[in-house]
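A.B. asks: Need coordinates for the below:
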Amino acid sequence: MADRITQLQEETNLLATYMCDSVGVLQNCGVNSDKGKSDIALFSKLISDTSSNINLLIDSLPTEEVSSSNQYTRLQALLKENQEADRELLRTKKLAERQLELIKSASSHIASTQLKIRTELSSKLS
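C.D. replies: Presented below is the predicted three-dimensional model:
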């Protein structure tokens with residue numbers, strides 16, 4: 001939310017800059033000159049676009065009308081999700097531990113078989 005507020009501040013500053021610049025340009029060029037007319041169109045578009053961005057940012061801000069019962073309900077849902085994630089994590093950990101034991105057992109079996117083969121080869125070559 002802080003990011004959106006920062007964006008809103010930046011857009012508001014930009015809007016103020018466009019408005020001040022447009023007044024300055026109009027004072028220098030006048031409304032009836034060709035340059036003045038093109039500047040009016042440019043600043044009108046910039047101001048309109050920036051205003052639209054500000055409206056979008058304001059609409060994306062959360063509302064303050066969050067009742068304590070809604071907060072409680074949301075917290076309960078988050079707690080339930082957290083508990084389910086905890087159970088899933090424990091199941092995954094147990095499965096991983098079982099698989100680790102199988103891998104250790106297989107590795108031990110492979111090592112003992114290799115040692116046995118080397119011993120047999122060594123005795124046959126001697």
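
A.B. asks: ranges for the helices of the chain?
C.D. replies: Per DSSP state H, the chain carries helices over the ranges 2-29, 34-60, 68-125.

A.B. asks: want to try a markdown table for these, with mean pLDDT as columns?
C.D. replies: A markdown table is the format used below for the helices of the chain (pLDDT from 0 to 100):
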| stretch | mean pLDDT |
| --- | --- |
| helix 2-29 | 88 |
| helix 34-60 | 88 |
| helix 68-125 | 93 |
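
A.B. asks: With mean neighbour count added, can I get those helices in a markdown table?
C.D. replies: Using the backbone N, CA and C atoms, a C-beta is placed for each residue, glycine as well. Output for the helices of the chain, formatted as a markdown table (neighbours: other C-beta atoms under 10 Å):
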| stretch | mean neighbour count |
| --- | --- |
| helix 2-29 | 13 |
| helix 34-60 | 13 |
| helix 68-125 | 10 |
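
A.B. asks: Test my guess that residue 54 contacts residue 8.
C.D. replies: Yes. If you go by C-beta atoms under 8 Å, residue 54 and residue 8 touch, sitting 6.6 Å apart.

A.B. asks: what residues are shared contacts of those two?
C.D. replies: Common contacts of residue 54 and residue 8, defined by C-beta atoms under 8 Å, 6 or more residues apart in numbering, are absent altogether.
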